[in-house]
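>>> Show me the folded form of this:
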Amino acid sequence: QVQLKESGGGLVQPGGSLTLSCTTHGIVFPIFDMAWYRQVPGQERELIASITGSGTTNYAEAVKGRFNISRDNAKSTLYLQMNSLKLEDTAVYYCKRPKGYYQGVTYALDYWGQGTQVTVSS
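Modelled structure (predicted):
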């Protein structure tokens with residue numbers, strides 16, 4: 001059974017830092033691209049960072065230079081280091097294992113964690 005679980009959210013002041021973790025079970029973690037999304041109530045979930053199995057990263061403009069996505073394949077864990085946090089970073093943050101074609105196999109489903117709340121407030 002595939003499980004993704006985020007942790008590390010909380011309340012932080014503007015300018016502060018947080019590191020989110022996403023532990024995974026039931027997937028061959030090293031081969032998959034992984035991603036972090038966030039969602040504000042009333043808005044669509046937005047992609048903020050992604051990382052391939054080989055470690056290539058991409059970031060949304062809103063977080064580029066402030067956030068860092070990384071992975072520990074030995075621990076099957078995804079991370080999001082968030083620095084210089086702003087009020088507008090307040091959201092629920094989700095990790096995702098996207099569907100796709102990996103090593104000759106088609107994986108037809110997206111898998112999501114349950115989310116972790118990040119609140120940036122003074």
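
>>> For stretch 63-81, measure first residue to last.
Stretch 63-81 has an end-to-end distance of 11 Å (criterion: C-alpha to C-alpha, to the nearest Å).

>>> So which bits of that stretch are buried?
Of the residues in stretch 63-81, Val63, Phe67, Asn68, Ile69, Arg71, Ser76, Thr77, Leu78, Tyr79, Leu80 count as buried by neighbour count, 16 or more other C-beta atoms under 10 Å. In short, each C-beta sits where N, CA and C put it, glycine included.

>>> what's across from the residue nearest the centre of the chain in the sheet?
Within the chain, one residue has its C-alpha closest to the average C-alpha position: by C-alpha atoms, centre = their mean, that is Trp36, at 2.4 Å. With DSSP bridges applied, Trp36 shows beta-bridge pairing to Ala49, Cys95.

>>> most remote residue from this protein's center?
With distances taken from the mean C-alpha point of the chain and given as C-alpha atoms, centre = their mean, the most distant residue is Gly104, at 25.1 Å.
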